[in-house]
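>>> Here's my sequence, what's the structure:
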Amino acid sequence: IYPNVPPSENMPPSDIPDHVAHVIHIVVDGLRPDYMNGPNFDRLKSEGACTLNARHDFASSQTQPNHLGMFTGLTIADHGYYEDADTGGTLVDANTGQGFQNIFDLVKGAGGTTAFYGSKEKFAMFDRSWSIDTFVLQKRGFVLVPLFLEDMNNSM
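The predicted model follows:
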């Protein structure tokens, strides 16, 4: 999605298997790379794909506009959403009236299934806008990991 972002130093493109059963994208707002240490983070970094060079769009450091950018590959100037809130309705391009191409629809188009687990009510806009098979919002973030693990175990 971001053509100018270099691949992870941990897994060069030639080492990525032809078939990947699951891709898990983990986002933690405001987590600096120097805090990503310890056995769990070390395992994620060494056995998965990782970047310690992720950056927010400098037009805004707010959650909603930057998550929209992560899932569409668009800058805030390109997608035009500056509000850090669920403004109702669905996410559409103001110029075309069409929905934005996004990672969830791309995965579905390739025959995969998708899921989103989040703790912020404003993310409900993603569920209304995109084709997400499993969409879980839970304000108590500590509940998300057990829910996710249960769903993963039931899907295998």
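>>> And Tyr81, what's its pLDDT?
With respect to pLDDT, Tyr81 scores 89.
>>> One more: the one 10 residues further on?
Model confidence at Leu91, given as pLDDT, is 89.
>>> Go ahead and confirm it touches Gly99.
Yes. Using Cβ atoms under 8 Å, Leu91 makes contact with Gly99 at a distance of 6.6 Å. Bear in mind the C-beta positions are built from the backbone N, C-alpha and C, glycine included.
>>> Comparing these two, which shows the higher neighbour count?
Leu91 (20 against 15; other Cβ atoms under 10 Å).
>>> And that one, how close does it get to Gln64?
Remark: distance between Leu91 and Gln64 (Cβ to Cβ, to the nearest Å) = 10 Å.
>>> what's the overlap in contacts for these two?
Residues touching both Leu91 and Gln64 (Cβ atoms under 8 Å, 6 or more residues apart in numbering) are 81, 125.
>>> in the protein, which spans are strands?
115-118, 134-137 (DSSP state E).
>>> Describe which strands the first one pairs with in its sheet and in which direction.
According to DSSP bridges, strand 115-118 forms sheet pairs with strand 134-137 (parallel).
>>> Roughly how far does the residue lying closest to Glu83 once chain neighbours are set aside sit from Tyr82?
Nearest non-adjacent residue to Glu83, counting by Cβ to Cβ, 6 or more residues apart in numbering: Gln64, 6.5 Å away. Relative to Tyr82, Gln64 is positioned 9 Å away (Cβ to Cβ).
>>> With neighbour numbers in mind, choose between those two.
Ranked by neighbour count (other Cβ under 10 Å), Gln64 and Tyr82 place Gln64 first, with 21 against 12.
>>> what's near enough to touch the more buried one?
Counting by Cβ under 8 Å, 6+ apart, Gln64 touches 81, 83-86, 122-123, 125.
>>> try it again with 7 Å
81, 83-85, 122 (Cβ atoms under 7 Å, 6 or more residues apart in numbering).
>>> okay, those residues in JSON lines with distance to Phe135 next?
Compiled in JSON lines, these are given as follows (distance: Cβ to Cβ, whole Å):
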{"residue": "Tyr81", "distance to Phe135": "19"}
{"residue": "Glu83", "distance to Phe135": "20"}
{"residue": "Asp84", "distance to Phe135": "20"}
{"residue": "Ala85", "distance to Phe135": "18"}
{"residue": "Lys122", "distance to Phe135": "13"}
